[in-house]
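Colleague: Quick one, fold the following:
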Amino acid sequence: MALRDDGQVQGSVSGGCIEADLIERLLREGFASSEPYAVKYGVTQDEARRFGLPCGGAMELVIEPWPDLAALETLSAVVERGELARRTVVMGQEGCTITAASAADSLSWDDHALSTVHGPAWRLLIIGAGQISSYLAPMAQALDYQVFLCDPRSEYAAEWQVPGTRLLPGMPDDVVLELNPDAHTAVVALTHDPKLDDMALLEALKAPAFYVGALGSSLNNRRRRERLLEHFDLTADEVARLHGPVGLPIGSRTPPEIALAVLAEMTAVRNGVWSPDGLRPKRAAAEAGCRAA
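Modeller: Reported below is the predicted structural model:
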C-alpha cells in the first residue's frame, strides 16, 4: 500500500480496519522518520477483534517513510522485462537493495530485514490464439503468470491482442524447447488441431512443467494418449501427466467458463491440492494460520 502525505492512497494491506488506523496514525505522526520500521497489529485478542483479524491472529507491517524512487524505477523496469527481482529493506537503514531473484524465492522477514520478490514467478505457455486463450491469458496474469502464446497459424496470431503477453514465433514443439519449461511452468494446448497440440505435448510432457493440459473431449483425449504412446517417444508415466480434458469439471461451456476451469485446475495443482481422483481436502491458509493469541 502506498500513502502520500496529502492522504491519497493506492492499494491496501488487509481490506479491513487496519488501513484506516494505519493511515490516521501516519498522517497524525507525519513522515518525520526517514528509516524503515515495523508495526504490529493484533497483539492482543481485543485488538485482533477490533481490526478484524481471524482467530486472534496478528499482522506485522513494514513502513518505509521515504522509499528510494530511483530504486523503484529500476524495479519497475526489471518487472516490465518479465524478470524476477528481490527487493530488501533493512530496519533502521535508509534505502534498499535490488538483486536478481528466482522462481523458488519467496518473501522473507526476520524482524530485521524484509525481502520481497517482484515479477512473474510462474510462466504459462498457451498453444492457440483462440477465444479461450484470450480469456485465460489475462486471468493467468492476475495470478502472477508471465504468459507466452504460440500459434503458427498466421490468421489466428494476427488477431492476438492481449496486453502484456509475448507471442512466440515458430512451431509448438520448437517453442516449448526454446522456453525450456521448469517446475514453475504450465503448458496448455488449446488449438483444437491435433497436429499442433500434439507437437507441443510431446515436448512438454518430457519437461518438468508442473502442469500440461490439452483441450478436447474425453474420447479425443483418450485417442490422444494412445497416439502419443504409439507414435511418439513418450513413456506411460509421461503421458499420464497429461490433464485432459483440460480443466476442472465445473460444467463449463463458454470460452470464459472453460478458461476459468483451466486456471482453477492449474491453481489446484500448483497449490498441491489436486490428485487424479479429484481435489484433496486442505484447510484454507487463513484457517491453517490461525493461532490463539
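Colleague: okay, which residue is most central for this protein?
Modeller: residue 144 (2.7 Å; Cα atoms, centre = their mean).
Colleague: That one contacts residue 122, doesn't it?
Modeller: Yes: here residue 144 reaches residue 122: they are 5.7 Å apart, a contact under Cβ atoms under 8 Å. Heads up, the C-betas are built off the backbone N, CA and C, glycines and all.
Colleague: Could you pull up the contacting residues of residue 37?
Modeller: Contacts for residue 37 (Cβ atoms under 8 Å, 6 or more residues apart in numbering) come out as 62, 63, 91, 92.
Colleague: got it, and residue 210?
Modeller: Residues near residue 210 by Cβ under 8 Å, 6+ apart: 183, 184, 185, 186, 269, 270.
Colleague: quick revisit: I only care about the contacts of residue 37 that end up buried; give me the PyMOL line for that.
Modeller: Buried subset of the contacts of residue 37, written as a PyMOL selection, criterion 16 or more other Cβ atoms under 10 Å:
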select buried, resi 63
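Colleague: Might you list the low-confidence residue ranges for this protein?
Modeller: The chain contains residues with pLDDT under 70 at 15-16, 30, 43-57, 277-293.
Colleague: hey, where'd the helices end up in it?
Modeller: Here the chain has its helices, by DSSP state H, at 17-29, 45-50, 69-80, 131-142, 154-157, 172-179, 194-204, 218-231, 236-240, 255-270, 285-288.
Colleague: what residues does the third one touch?
Modeller: Which is helix 69-80. Contact with helix 69-80 is made by 84, 85, 87, 95, 96, 98, 118, 119, as judged by Cβ under 8 Å, 6+ apart.
Colleague: same thing with the first one?
Modeller: Outside helix 17-29, the residues that touch it by Cβ under 8 Å, 6+ apart are 1, 3, 5, 7, 9, 12-13, 39, 41, 50-52, 59, 61, 63.
Colleague: Domain parsing of the chain, as residue ranges.
Modeller: 2-118, 122-279 (automatic domain parsing).
Colleague: Of these, which stretch is the most buried?
Modeller: Neighbour counts (mean count of other Cβ atoms under 10 Å) averaged over each of the domains of the chain peak at domain 122-279, with a mean of 18.
Colleague: ok, back up a step: from the contacts of residue 37, which single one is nearest residue 176?
Modeller: Closest approach to residue 176 among the contacts of residue 37 (Cβ to Cβ): residue 62, at 40.2 Å.
Colleague: Nearest residue to the closest one in space, ignoring adjacent ones along the chain?
Modeller: Leaving aside its sequence neighbours, residue 62 sits nearest to residue 114 (Cβ to Cβ, 6 or more residues apart in numbering; 4.8 Å).
Colleague: The one you found contacts residue 86, correct?
Modeller: No: judged on Cβ under 8 Å, residue 114 makes no contact with residue 86 at a distance of 10.7 Å.
Colleague: now the strands for the stretch 1-150 of the chain?
Modeller: Remark: strands assigned in the stretch 1-150 of the chain by DSSP state E, counting those that start in this stretch are 2-3, 9-10, 37-41, 59-63, 85-90, 97-100, 108-109, 113-118, 122-127, 145-150.
Colleague: Save the ones you listed as TSV, and put in distance to residue 25 too.
Modeller: Listed next are the strands of the stretch 1-150 of the chain as TSV, based on distance: least, Cβ to Cβ, whole Å:
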stretch	distance to residue 25
strand 2-3	10
strand 9-10	13
strand 37-41	8
strand 59-63	9
strand 85-90	19
strand 97-100	28
strand 108-109	21
strand 113-118	19
strand 122-127	36
strand 145-150	36
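Colleague: what's the closest of these to residue 262?
Modeller: Checking the strands of the stretch 1-150 of the chain against residue 262 by Cβ to Cβ gives strand 122-127 as the closest, at 9.5 Å.
Colleague: Report the angle between the closest one and helix 131-142.
Modeller: Strand 122-127 runs at 170 degrees relative to helix 131-142, counting by axes from the mean of the first three to the mean of the last three Cα atoms, to 10 degrees.
Colleague: Let me see the contact set for residue 260.
Modeller: Residues in contact with residue 260 (Cβ under 8 Å, 6+ apart) are 135, 139, 247, 250, 252.
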